[in-house]
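In: here is my input; please provide its structure:
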Amino acid sequence: MKIFCGTDIIEIDRVKKSIEDKQEIFLNKIYTSSEIKYCESKNNAKYQHYAARFAAKEAIFKAISETLENKYDITWTDVEIVNDTNGKPKVNFLNKKFQMQCEISISHCKTYAVATAIIITD
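Out: Numbering: from 1, shown residues only. Sure, this is the predicted structure:
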């Protein structure tokens, strides 16, 4: 068994600017439709949730980078961040090639979003 860790932090305003500037192009490149629906449901706090999911995906990419032959083997939308019934974030790998155990922790405040991912492989 191997364990890999990745962490990312991002300024919420940076994600907000990207969404405002590039709109659907940025959203559809980075997020799945269910992630967009979830973040949009947060009204005034939606950019915090978008940024948190962006940081989570970056943290996951950092954690699994050693397991990839080519960093382009995985795309932004191969990874989906959802919440379980208790509100805890969890990871869905939508590309069957990346079926592995992943634990994720996400946090955000007014200015920053941060995430840590732990990947466990055989």
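In: residues making contact with the particular helix or strand that has Tyr38 in it?
Out: Element membership of Tyr38, judged by DSSP states H and E, is helix 33-40. Helix 33-40 has contacts (Cβ atoms under 8 Å, 6 or more residues apart in numbering) with Leu27, Tyr31, Lys46, His49, Tyr50, Arg53, Glu80, Ile81, Val82, Asn83. All C-beta spots, glycine's among them, are computed from the backbone N, C-alpha and C.
In: now for the third one, how many residues are close by?
Out: Yep, that's Lys46 we're talking about. Neighbour count of Lys46, defined by other Cβ atoms under 10 Å: 16.
In: next SSE downstream of the host helix or strand of it?
Out: Counting by DSSP H and E, the element that carries Lys46 is helix 46-64. As assigned by DSSP H and E, the chain's next helix or strand after helix 46-64 is strand 79-83.
In: on that earlier part again, return the closest of the contacts of helix 33-40 with respect to Glu11.
Out: Comparing these against Glu11 with Cβ to Cβ places Tyr50 closest, at 12.0 Å.
In: please report how far the residue nearest to the closest one when sequence neighbours are not counted lies from Val15.
Out: The shortest distance from Tyr50 to any non-neighbouring residue, by Cβ to Cβ, 6 or more residues apart in numbering, is to Cys39 (4.8 Å). When distance is defined by Cβ to Cβ, to the nearest Å, Cys39 is 10 Å away from Val15.
In: give me the common contacts of the two.
Out: What both Cys39 and Val15 touch, as defined by Cβ under 8 Å, 6+ apart, is the set Tyr50.
In: thinking again about what came up before, per-residue confidence at the residue nearest to Tyr50?
Out: Note on Cys39: pLDDT of 97.
In: that one: neighbour count?
Out: 22.
In: for it, give its distance to Asp13.
Out: Applying Cβ to Cβ, the value for Cys39 to Asp13 is 15 Å.
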